[in-house]
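Peer 1: Below are the sequence and a predicted model for it; my questions follow.
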Amino acid sequence: MREAQGNTLLEVKNISKTYQSRKRQPVYALREVGFSLQEGRCLGVVGESGCGKSTLCRVIAGIEKPDVGEILYQGEPADHRKIRSSLQMVFQNSMDAVNIHLKAGKILAEPLENFTSLNRNQREQEVERLLELVGLSAEDKAKYPRQFSGGQLQRICIARALAAEPKLLLLDEPLSSLDVSVQAQLLNLLSDLKKELHLTCLLVSHDLEAVYYLADKLLVMYGGAAVEEIEDIRDICALTHPYTRRLLEAGELETESGEAGQKDEGILTEEKREYLAASFREGCVYAGHCPRAERKCFLERPGLVEREAGHRIACHFG
Ligand SMILES: Nc1ncnc2c1ncn2[C@@H]1O[C@H](COP(=O)(O)OP(=O)(O)O)[C@@H](O)[C@H]1O
Ligand code: SF4
Ligand SMILES: [Mg+2]
């Protein structure tokens, strides 16, 4: 396994975040998640719906506070007021992320007003440059969001994020709502931009193929926990966690992990439900679904430990 090079831009240290469900049960959105990300690299975060990917992005972006844990940016505790421009986010639904009453030019001018000292003329030119940078044309500045296709609108959102000249781009399922061919075009764009602008990225996706294309390293999440991590995505076949194997072999990423005992409520005995709920609190997060689970798995949570250089895994038997 090859180890990462370069300065560390972002360190996420043992972040936990618990919400309350409507039934007032704890939802462990993040459980002691930690990783570091070097400048110019892209971390792919994969895991099924509900495993905590968006919560992770929101916590890193400072939109939400973690219950415990720390975010370090360039080696210092992240002060989100200071690093607002350095850290930008692109969301899944671009239509929800833009003001539909503003023309594209105005949407892009806003961050330039907030984060740069450019004058009006310079801003105008910069808007045109940004549009071209993301594969649109300068004339598109006069259009409203509804006049763009989904893919074009996502390009506007990427351009808006880039307007602030960020170092770190958080991409939360940026391709999920688009057609496959449009996804491929946007992946190419992101890949070019990453190289050209030396961007550091966190790409969240449930699409392992997309992640493989863009990311340099990979973090696999399940039930709010990081279950496996590799520094070099080219070593993807060396992943051994039972959940990751399932993803790799079956490409099954669409199902909801849900909370302990909820998904199978109807068919489980009370005893088994309590056992599973306990395992979700204290044992391995994957114990309820793992074909290799043994008694220990339900009682003790495995930590993410280094199996070999550049490969960490959370499994008692990994
Ligand atoms: N504001 C919230 N209140 C209650 N539960 C939440 C909230 N946000 C997220 N969750 C729950 O936290 C878990 C992780 O959610 P999320 O981070 O959105 O997962 P993902 O992005 O991987 O689909 C899910 O079970 C989700 O229902
Ligand atoms: S610790 Fe046990 S339940 Fe968890 S992944 Fe490993 S074998 Fe499966
Ligand atoms: Mg999400």
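Peer 2: Looks like it came in fine. Ligands and ions are numbered 1, 2, ... in the order given.
Peer 1: now check stretch 17-32, is it near ligand 1?
Peer 2: Yes: using C-beta under 6 Å from any ligand atom, stretch 17-32 reaches ligand 1 at 19, 27, 29. Where C-beta positions appear, they are placed from N, C-alpha and C, glycine not excepted.
Peer 1: Next, the buried residues of that stretch.
Peer 2: 17, 27, 28, 29, 30, 31, 32 (16 or more other C-beta atoms under 10 Å).
Peer 1: that older thread, so which of the residues of stretch 17-32 next to ligand 1 sits lowest on pLDDT?
Peer 2: Least confident entry in the residues of stretch 17-32 next to ligand 1, by pLDDT: residue 27, with 93.
Peer 1: Distance of the closest residue to ligand 2 within the stretch 1-150 of the chain relative to residue 185?
Peer 2: Here the residue of the stretch 1-150 of the chain nearest ligand 2 is residue 31; by C-beta to the nearest ligand atom that distance is 13.3 Å. Here residue 31 is placed at a distance of 36 Å from residue 185 (C-beta to C-beta, to the nearest Å).
Peer 1: got it, and residue 34?
Peer 2: On the measure of C-beta to C-beta, residue 34 and residue 185 end up 34 Å apart.
Peer 1: and what of residue 248?
Peer 2: From residue 248 to residue 185 the distance is 26 Å (C-beta to C-beta).
Peer 1: So which of the residues of stretch 17-32 next to ligand 1 is the closest to residue 206?
Peer 2: residue 29 (16.0 Å; C-beta to C-beta).
Peer 1: Please report phi then psi for that closest one.
Peer 2: phi -70, psi -40 (degrees, to the nearest 10).
Peer 1: what does the one 3 residues further on give?
Peer 2: With angles defined as degrees, to the nearest 10, residue 32 shows backbone torsions of phi 50, psi 50.
Peer 1: And what about the residue of the stretch 1-150 of the chain closest to ligand 2, helix, strand or coil?
Peer 2: Classification of residue 31 by DSSP: H, G, I helix; E, B strand; the rest coil places it in strand.
Peer 1: what's near enough to touch it?
Peer 2: 16, 223, 224, 225, 285 (C-beta atoms under 8 Å, 6 or more residues apart in numbering).
Peer 1: which one is the second one nearest to, not counting chain neighbours?
Peer 2: With C-beta to C-beta, 6 or more residues apart in numbering as the measure, residue 285 is the residue that lies nearest to residue 223, at 3.5 Å, once sequence neighbours are left out.
Peer 1: So residue 205 versus residue 216, what's the distance?
Peer 2: 14 Å.
Peer 1: Comparing these two, which residue is more hemmed in?
Peer 2: Neighbours were counted for residue 205 and for residue 216 using other C-beta atoms under 10 Å; residue 205 has more, 25 against 20.
Peer 1: Test my guess that that one contacts residue 42.
Peer 2: No: assessed by C-beta atoms under 8 Å, residue 205 is found out of contact with residue 42, at 11.2 Å.
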